[in-house]
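Asker: what's the 3D shape of this:
(chains A and B)
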Amino acid sequence: MSFTLRERPQKLHKRAKFWSRRSIVVSAAIGALLAGGGAYAATSWVVGLGSGSNALSQSANVTNLTIAAVATPSPSNLLYPGGTGDVVMTITNPNPYPVTLTAVQLPTNTTYAAGYTTSALTSAQSGCSSTTSDVAWNFATGTSGSSHALTSALTVAANGTLTVTMTNDASMLAAAPAACEATFFSMPSLTGVTASGGAATPTTSPASDSWTS
Amino acid sequence: MARRVSARWVVLTVALSLGLLGQVQPAEGVGTAWSVALRAGSGGEAASIAASPPSGVAAACVSSGGKTISVSWTAPNTHVSSYTVYQATSTTGTPGTYSSVATGQTGLSWTTGTLTTGRNYWYEVVSAYSSSWTSAKSAATGETTISSSSPQCRQP
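Answerer: Numbering: from 1, shown residues only, chains lettered A, B, ... in the order given. Reported below is the predicted structural model:
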């Protein structure tokens, strides 16, 4: 909406001053309302804390992150009996601000990965299931939810994704069955991550990281 | 003089609004650490190696006047825990059935004991990654003959 004023110069000057101050006040009020609306939208996303996670006592008003298996590890660092291998994952952040991960929480060391015949993870590998594969997260313990610090913090952009290779963070027992040879694994779900939100420079994708204890 | 007062008012309003909206933050506050739940199915992808046999398996006379053969090979990768050597022998140019003659070999070669005069020998090697993970047999070596005449150990 616009309109034109026709006033004498002196009155015009006074009115200009008046409108200038008033416009600032009104603008600020409207801006605060709009920002408050955005903040309200943030608090309306309800997420519980993952069971077994080392959560703070306050509720986390953020949207769940998602981790998915979308790529195969480099053939230079694959699993073998008694050894470790890389895990590739893509982290999706649906929140309207960057989220920085500093630690992961793991399931138990007897929570095994399911084996598949191809990297699409659609056809089960006979004899290499989540019961028999002997493939688990490296450094996982007998207690679910053990927390393991990342070597480097990972920042996922607002409404963005980050693909990261976790170096040597899968392990295979020496007793793994021969059926698990030349197999692709869908790693067990993490029980949670430790993260903080707010302004931060997103990590360039793809990235490499790990936890080493 | 006409004034577009409302235009400036609109510009100022929009500028302030955008500035505030650009600073949407989590309710917990910037830098506050908390544990975030993950959607079900959150994991990643790993893969395992294929058990591969050694390459370049070769048999050579230890000495032309002797009756022993040295078998050598090249490791397929760094994850093999040991090797098993298989031998076939016959009096003709066709190898017989291969049988295991050396297990748990951790090096990249193995030497026979004294072999039988008048027989031909062939060798294959298997990589073992664990007690249950073993590769297929390698390609066979060429024939090595232990002869009664000099040179006693010879290869075609």
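
Asker: what pLDDT does residue A:58 get?
Answerer: Reading off the confidence values, residue A:58 has pLDDT 34.

Asker: ok, residue A:164 - contacts?
Answerer: By C-beta atoms under 8 Å, 6 or more residues apart in numbering or on different chains, the contact set of residue A:164 is A:88, A:89, A:90, A:91, A:154, A:203, A:205, A:206, A:207, A:208, A:209. C-beta: built from backbone N, CA, C; applies to glycine.

Asker: which of these are buried?
Answerer: A:88, A:89, A:90, A:91, A:154, A:203, A:207, A:209 (16 or more other C-beta atoms under 10 Å in any protein chain shown).

Asker: run a quick neighbour tally on the closest residue to residue B:143 other than its chain neighbours.
Answerer: Excluding the flanking residues, the one nearest residue B:143 by C-beta to C-beta, 6 or more residues apart in numbering or on different chains is residue B:120, at 4.9 Å. Neighbours of residue B:120 under the rule other C-beta atoms under 10 Å in any protein chain shown: 22.

Asker: hang on, residue B:120 packs against residue B:93?
Answerer: Yes: the pair residue B:120 / residue B:93 is scored as a contact, 6.8 Å apart, by C-beta atoms under 8 Å.

Asker: shared neighbours, these two?
Answerer: By C-beta under 8 Å, 6+ apart, the residues touching both residue B:120 and residue B:93 are residue B:143.

Asker: domains of chain A?
Answerer: Domains of chain A are assigned by automatic domain parsing as A:8-44, A:66-209.

Asker: show me the strands in the chain, by range?
Answerer: All of this is about chain A. Counting by DSSP state E, chain A has strands at residues A:66-68, A:84-93, A:99-106, A:114-116, A:135-137, A:146-156, A:160-172, A:184-186, A:192-197, A:207-209.

Asker: let me rephrase: I mean chain B.
Answerer: With DSSP E as the criterion, chain B has strands spanning B:33-36, B:45-47, B:55-61, B:69-74, B:82-90, B:99-105, B:109-111, B:119-128, B:144-146, B:153-154.

Asker: lowest-confidence stretch among the ones you listed?
Answerer: Lowest mean pLDDT within those: strand B:33-36, at a mean of 58.

Asker: how close does residue A:156 sit to residue A:139?
Answerer: 23 Å (C-beta to C-beta, to the nearest Å).

Asker: the two: who's more crowded?
Answerer: Using other C-beta under 10 Å, the more surrounded residue of residue A:156 and residue A:139 is residue A:156, with 25 against 18.

Asker: against chain B, how distant is the more buried one?
Answerer: 11 Å (C-beta to the nearest C-beta, to the nearest Å).

Asker: who touches that residue in this structure?
Answerer: Counted by C-beta under 8 Å, 6+ apart, residue A:156 has contacts A:65, A:91, A:92, A:93, A:98, A:99, A:100, A:101, A:162, A:202, A:203.

Asker: could you redo the last one with a cut-off of 10 Å?
Answerer: A:65, A:90-95, A:98-101, A:162, A:164, A:195, A:200, A:202-203, A:205 (C-beta atoms under 10 Å, 6 or more residues apart in numbering or on different chains).

Asker: filter the residues you listed down to the buried ones.
Answerer: A:65, A:90-95, A:98-101, A:162, A:164, A:195, A:200, A:202-203.

Asker: pretty sure residue A:119 is touching residue A:184, no?
Answerer: Yes: between residue A:119 and residue A:184 there is a contact under C-beta atoms under 10 Å: 5.0 Å.

Asker: those two: which has the busier surroundings?
Answerer: residue A:184 (25 against 15).

Asker: and residue B:108, what does it touch?
Answerer: Here residue B:108 is in contact with B:54, B:56, B:71, B:72, B:73, B:74, B:75, B:80, B:83, B:125 (C-beta under 10 Å, 6+ apart).

Asker: could you check how many residues crowd around the fifth one?
Answerer: The criterion is other C-beta under 10 Å. On that basis, residue B:73 has 24 neighbouring residues.

Asker: which parts of chain A are helices?
Answerer: Using DSSP state H, the helices of chain A run over A:9-43.

Asker: for it, give me the ranges with low pLDDT.
Answerer: Chain A contains residues with pLDDT under 70 at A:1-62.

Asker: distance of residue A:128 from residue A:195?
Answerer: The value you get for residue A:128 to residue A:195, if C-beta to C-beta is used, is 33 Å.

Asker: scratch that, residue A:67 is what I was asking about
Answerer: 12 Å.

Asker: list residues touching both of those two?
Answerer: The contact sets of residue A:67 and residue A:195 overlap at A:91, A:101, A:104 (C-beta under 10 Å, 6+ apart).

Asker: show me which of the residues you listed neighbour chain B.
Answerer: Among those, the residues that sit close to chain B (C-beta under 10 Å from any C-beta of the partner chain) are A:91, A:101, A:104.

Asker: the last one: how many residues sit nearby?
Answerer: As a burial measure, residue A:104 scores 26 neighbours (other C-beta under 10 Å).

Asker: was I right to think it contacts residue A:148?
Answerer: Yes: with contact defined as C-beta under 10 Å, residue A:104 reaches residue A:148; the gap is 5.6 Å.

Asker: good, we can wrap up now.
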